[in-house]
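**Q** Build me a structure from this.
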Amino acid sequence: MSNYSFEEFMDIIRKLREGCPWDREQTHESLKSCLLEECYETIEAIDNKDKENLREELGDVLLQVALHSVIAEETQAFTIDDVITEEAEKMIRRHPHIFGDVAVENSEGVIKNWEEIKKQEKKGSNIAEELLSVPKALPANIRAEKIQRKASKSGMDFEGYEQVLKKVYEELEELKESVEIGDKSNIQEEFGDVMFSIINLSRFLQLNAENSLTNATNKFINRFVDVFALAVSRGQDLCELSPTEQHELWRVIKNR
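**A** This next block holds a predicted model:
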């Protein structure tokens, strides 16, 4: 199999835009979901340690980058060369310990330099502006954590996880009160406060909330599948069992 150069690949995308009805119809807006899906599929390949699939999914992500760049090229907004140049310049600028004479001892020093340089690039933007700049399109868990980390720079933060855990309990109590009252709009607000506090707790425990929830969901799926299989092996229909009988099956699987 012959290898294609990057420029040959870009020419293929340009030809698709010229001749393929589907590709020709696409816009930056219409491709948003495609880009998001390809990123998630790439992450799944990484989680599965599937190198062959990772190679394929990275290609799909590259396809999205190329499509967006060609669409922009057609309106003379920017080109793929502009995208690469801007990113290359950013990497050089934000890594003075590699491309300059700045010394760092560890990764913490790298991150500190990165944030300081980024702050300078924003031309003195304040913390409030930084919060407003966090993309709303981010997954809610990730966005909440980024907001909390940025806000903590102002000193407006808890002193330790014990205080955060206390706040979680407070928010749960407020949610319980709203449920008992039956105020649906307030229930939604209080539920959001509980989730926001739990994300904050994950930050203090140095956990990744997104990964933790993903792992918990996968654990539930695996146990449910095993419970279903156990019911079938006993000649039972899981949907026809009482809640008590279902919980008993769940207990058996959980204690294995």
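**Q** Which helix or strand lies directly C-terminal to the regular element (helix or strand) spanning residue 91?
**A** According to DSSP states H and E, residue 91 maps onto helix 80-93. In the C-terminal direction, the helix or strand that comes right after helix 80-93 (DSSP H and E) is helix 96-99.
**Q** Excluding chain neighbours, give the residue nearest to residue 191 in space.
**A** Excluding the flanking residues, the one nearest residue 191 by C-beta to C-beta, 6 or more residues apart in numbering is residue 175, at 5.8 Å. Just so you know, the C-beta spots here come from the backbone N, C-alpha and C atoms, and that holds for glycine as well.
**Q** Next, the contact list for the one you found, please.
**A** 187, 190-191, 193-194 (C-beta atoms under 8 Å, 6 or more residues apart in numbering).
**Q** if you look at the residues you listed, which of them are in helices?
**A** Among those, the residues falling in helices (DSSP state H) are 187, 190-191, 193-194.
**Q** Report the contact partners of residue 80.
**A** Counting by C-beta under 8 Å, 6+ apart, residue 80 touches 10, 65-66, 69-70, 73.
**Q** what ranges do the helices span in the stretch 51-200 of the chain?
**A** 51-74, 80-93, 96-99, 107-121, 127-133, 140-152, 161-181, 184-204 (DSSP state H, counting those that start in this stretch).
**Q** Show the average pLDDT along the next helix or strand after the last one.
**A** Read in the C-terminal direction, the helix or strand following helix 184-204 is helix 209-233, with elements assigned using DSSP H and E. In this model, helix 209-233 has an average pLDDT of 94.
**Q** ok, and what's touching the helix or strand that helix 209-233 is followed by?
**A** Remark: after helix 209-233, the chain's next helix or strand is helix 243-254, criterion DSSP H and E. Contacts with helix 243-254, where a contact means C-beta under 8 Å, 6+ apart, come from 223, 226-227, 230-231, 236, 238, 241.
**Q** what's the farthest-apart pair in those residues?
**A** 223 and 236 (16.6 Å; C-beta to C-beta).
**Q** OK, contacts around residue 107?
**A** Residues in contact with residue 107, defined by C-beta under 8 Å, 6+ apart, are absent; none qualify.
**Q** Tell me how far it lies from residue 113.
**A** Between residue 107 and residue 113 the computed distance is 11 Å (C-beta to C-beta, to the nearest Å).
**Q** can you check residue 203 too?
**A** The span separating residue 203 from residue 113 equals 22 Å under the rule C-beta to C-beta.
**Q** These two: which has the busier surroundings?
**A** Looking at residue 203 and residue 113 with other C-beta atoms under 10 Å, you find the greater number of neighbours at residue 203, namely 20 against 17.
**Q** from what I can see the more buried one touches residue 150, true?
**A** No - counting by C-beta atoms under 8 Å, residue 150 is not a contact partner of residue 203; they are 11.5 Å apart.
**Q** Which one (most neighbours) among the contacts of residue 175?
**A** Most neighbours among the contacts of residue 175, by other C-beta under 10 Å: residue 190, with 20 neighbours.
**Q** For that one, which non-adjacent residue is spatially closest?
**A** Closest residue in space to residue 190, ignoring its immediate chain neighbours: residue 175 at 4.1 Å, by C-beta to C-beta, 6+ apart.
**Q** so what pLDDT did that neighbour get?
**A** As predicted, residue 175 sits at a pLDDT of 97.
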